[in-house]
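# Prediction below, plus the sequence it came from.
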Amino acid sequence: MIDKYFSFYRVGALFRKEFLLMLRDPIIFVSIILFPMFEVIFFAVLFNVNPRHIPTTIITPENTAITRSVVQAFINSDYFKITNYVKTESEAEKLLKSGKVRFIIEFPTGFTQDVIRGKSPNLLITADAANPLEVTGALSSVNGIINQALEFDLVGTLAQPTNNSPFNIIVQERYNPDVIAQFYTVPCLISLMLGVTMLMLSSTSIAKEKGEGTLESLLTTPARPIEVILSKMFPYVLFGYTQLLLTFAIAHLIYHVPFNGNLLVLLIVALPLIIALLGVGLICSIISPDAQNAIQLGTYFFTLSTLFCGFFFPFVGMPSWAQWFGNLLPLTHYLRVNIGIILKGSSLIDVWPDLWPIIACMVVAIIVAVRFYRRTLD
């Protein structure tokens with residue numbers, strides 16, 4: 001009588017059927033085992049809010065034992081990595097604005113002579129504070145550098161009074177002098193929201209037609225693969241621009257995020273990112289049997305992008321292999337471009353080193369999407 005209403009045998013048979021279906025679906029395997037495992041491993045490796053070996057440039061009009069000892073003290077702190085020496089402030093400013101260095105250490109003229117005479121000259125450190133997390137730890141170490149830099153140089157007749165520092169360090173924080181976290185996080189969040197929206201919308205485009213059975217009608221049209229791909233992208237490009245302008249207006253009006261750049265430049269550089277992410281979403285849609293799997297693939301790509309783009313963790317604090325992988329992702333470069341235009345007032349020429357990789361990703365995404373698109377159901 002009980003078997004008439006409930007049967008453990010039938011439950012067991014259905015359980016085996018569902019379990020076998022799960023084993024045959026590679027997306028399920030990736031979702032349950034591979035992706036969570038890799039995400040935990042990557043998160044632990046990348047988690048570093050106190051980066052070291054930060055790129056730094058030096059301006060010094062003299063090369064003496066005193067200046068060399070001071071520079072070596074910065075290197076010994078493990079926070080500063082001297083990448084080059086420049087002769088003029090304009091060269092150093094260009095490097096700082098482009099993001100190639102995060103610090104400028106500038107020695108004044110006559111620094112060595114003033115130190116020897118006990119005049120305590122000023123040493124200027126200019127920091128790129130657009131992302132406060134990247135420079136806070138290094139700036140907190142400068143007081144220790146003053147005390148240790150010349151302890152083996154100023155001895156004997158050159159010894160300074162105990163209450164007199166051999167030199168002073170003046171810190172100037174550029175692009176975000178008040179160290180307001182929202183000035184960095186809000187533009188980054190705008191970029192991330194644009195990325196996830198473009199990925200999610202386009203990842204269901206073709207997969208939805210497969211599920212609804214309308215793909216056959218699309219395949220019978222004379223449209224070429226490149227025409228289908230571009231036609232799928234264009235409506236979302238307009239949507240992406242609408243979202244970008246709306247979210248930036250909110251950021252400016254509510255959080256008072258400054259805008260030091262050109263709005264036209266901001267809109268121009270957004271186009272290759274939007275198309276690149278739409279292309280990735282279409283690839284996920286084309287290779288997936290249904291919309292659910294396409295969304296899962298798009299989610300995996302977006303999660304990897306957010307982990308390696310430098311938003312959650314300072315990019316300069318990542319391992320070299322993680323920086324190499326992050327530089328392959330368009331979102332990494334767009335975050336730098338966005339911050340450069342909004343906070344630094346960068347022009348197209350200034351952001352070109354990070355703009356061309358986004359354009360390259362856009363071209364690759366379109367080519368791959370066209371390559372995977374089939375004009376048959378096979």
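Noted; the coordinates are in hand.
# And I125, its phi and psi?
Summarising the backbone geometry of I125 under the convention degrees, to the nearest 10, its torsions are phi -120, psi 120.
# Tell me, how many residues neighbour it?
Residues within reach of I125, counting by other CB atoms under 10 Å, total 21. Every C-beta, even on glycine, is put in place using the N, C-alpha and C of the backbone.
# Next, the contact list for it, please.
Residues counted as contacts of I125 (CB atoms under 8 Å, 6 or more residues apart in numbering) are F103, I104, I105, E106, L139, V142, I169, I170, V171, Q172.
# roughly how far apart are the closest residue to E134 other than its chain neighbours and D178?
Computed as CB to CB, 6 or more residues apart in numbering, the closest residue to E134 that is not its neighbour in sequence is P314, at 4.4 Å. Distance of P314 to D178, computed by CB to CB, to the nearest Å: 19 Å.
# isn't the residue nearest to E134 right next to N48, touching?
Yes: taking contact to mean CB atoms under 8 Å, the distance of 6.9 Å between P314 and N48 places them in contact.
# More neighbours: which of the two?
More neighbours surround P314 than the other of P314 and N48, with 22 against 16 (other CB under 10 Å).
# And that one, its phi and psi?
For P314, the backbone dihedrals are phi -50, psi 130 (criterion: degrees, to the nearest 10).
# separation between it and L307?
Look at P314 and L307: by CB to CB, they are 13 Å apart.
# returning to what we had before: could you tell me which of the contacts of I125 are located in helices?
Among the contacts of I125, the members falling in helices are L139, V142 (criterion: DSSP state H).
# In the contacts of I125, which residue is surrounded by the most others?
Across the contacts of I125, the neighbour count under other CB under 10 Å reaches its highest value at F103, namely 27 neighbours.
# what are the bridge partners for that residue, then?
F103 has the following beta-bridge partners by DSSP bridges: T56, A127.
# Report the separation between it and G195.
Spatial separation of F103 from G195 under the definition CB to CB is 30 Å.
# Repeat that for Q113.
For Q113, the distance to G195 under the criterion CB to CB works out to 54 Å.
# okay, these two: which has more neighbours?
Regarding Q113 and G195, a neighbour count based on other CB under 10 Å identifies G195 as having more, with 26 against 13.
# Return the per-residue confidence for the spatially most central residue of the chain.
In the chain, the C-alpha nearest the mean C-alpha coordinate belongs to C309, at 2.9 Å (CA atoms, centre = their mean). pLDDT, C309: 88.
# List the contacts of it.
Residues F315, G326, L329, L331, T332, L335 are the ones in contact with C309 under the rule CB under 8 Å, 6+ apart.
# rerun at 10 Å
188, 191-192, 195, 315, 326-327, 329-336 (CB atoms under 10 Å, 6 or more residues apart in numbering).
# Same check on W324?
Contacts of W324 were listed using CB under 10 Å, 6+ apart, and they are F308, M318.
# Okay, now the unreliable bits of this structure?
Counting by pLDDT under 70, the low-confidence segments of the chain come to 1-8, 10, 19, 21-47, 151-164, 207-223, 374-378.
# one more time with 80, if that's ok
1-49, 143, 146-165, 204-232, 288-294, 372-378 (pLDDT under 80).
# per the record, what domains does it have?
54-174, 182-372 (automatic domain parsing).
# Let me know which of the ones you listed is tucked in deepest.
With neighbours taken as mean count of other CB atoms under 10 Å, those reach their highest mean count in domain 182-372, at a mean of 19.
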